[in-house]
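1. take a look and give me a structure for this.
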Amino acid sequence: MSVIHVGSDAAHLLAAGAWLGGLVPLNYSIRDGQPIVDADRILLRFSSMGYVAVATLIVSGLVNSWLLVGSVSSLLKTLYGQILLGKLALFAAMLGLAAANRFWLVPRMIETRAGSGEAAVWLARLRYHVLGEQFLGLMILLAVSVLGTMRPAIGQ
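-> Numbering: from 1, shown residues only. Reported below is the predicted structural model:
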């Protein structure tokens, strides 16, 4: 069981690092003055990596939750479980912003890129969304740091 837990933790950490770490250069690459064509290409490549990262986070998070929480009752009744639920709410919000970026903002930006000023508006909205993802990611890291100091719910 410990090999599964260590492997799941490692996968979770790598996927979170890829997503959160990738947001910094992504935000830099879509700064003011960046040609829209380059931004489109970068965003589409980032979203491909994002799919893998999110799938890995979900699977490894489920495994870790099973090993550290054990039951729905422990999830709801322990402080550890409640903080984990808060972390999951932040993750859901972050995932919502990422989905809005991929399926709403980026397509609108691609549609309007032919020299209109409207593309710059979509790019500015995208920048705010990416900053929002970064903020939510930092809040998740804060929750994880608190969880790391606590006894897991399964042991309570």
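2. the longest helix that the chain contains packs against which elements?
-> Identified as the longest helix of the chain according to DSSP state H is helix 36-68. Packing contacts for helix 36-68, counted by 3 or more CB pairs under 8 Å, 6 or more residues apart in numbering; DSSP states H and E, involve helix 2-29, helix 79-100, helix 106-111, helix 118-147. (Each C-beta comes from the backbone N, C-alpha and C, glycine too.)
3. adding mean neighbour count and mean pLDDT, write the ones you listed out as a markdown table.
-> Putting the helices and strands packed on helix 36-68 into a markdown table (neighbours: other CB atoms under 10 Å; pLDDT from 0 to 100) gives the following:
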| stretch | mean neighbour count | mean pLDDT |
| --- | --- | --- |
| helix 2-29 | 15 | 92 |
| helix 79-100 | 17 | 96 |
| helix 106-111 | 17 | 79 |
| helix 118-147 | 17 | 90 |
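4. report all helices and strands that whatever helix or strand Leu76 lives in contacts.
-> Per DSSP states H and E, Leu76 falls inside helix 72-77. Applying 3+ CB pairs under 8 Å, 6+ apart, one finds that helix 72-77 contacts helix 79-100.
5. for the helix it packs on, give me every contacting residue.
-> 47, 50, 54, 57, 61, 65, 68-69, 74-76, 129, 132-133, 136-137, 139-140, 143-144, 146-147, 150-153, 156 (CB atoms under 8 Å, 6 or more residues apart in numbering).
6. rerun that using 6 Å as the cut-off
-> 69, 74-75, 129, 132-133, 136, 139-140, 143, 146-147, 150, 153 (CB atoms under 6 Å, 6 or more residues apart in numbering).
7. fine by me, we can end here.
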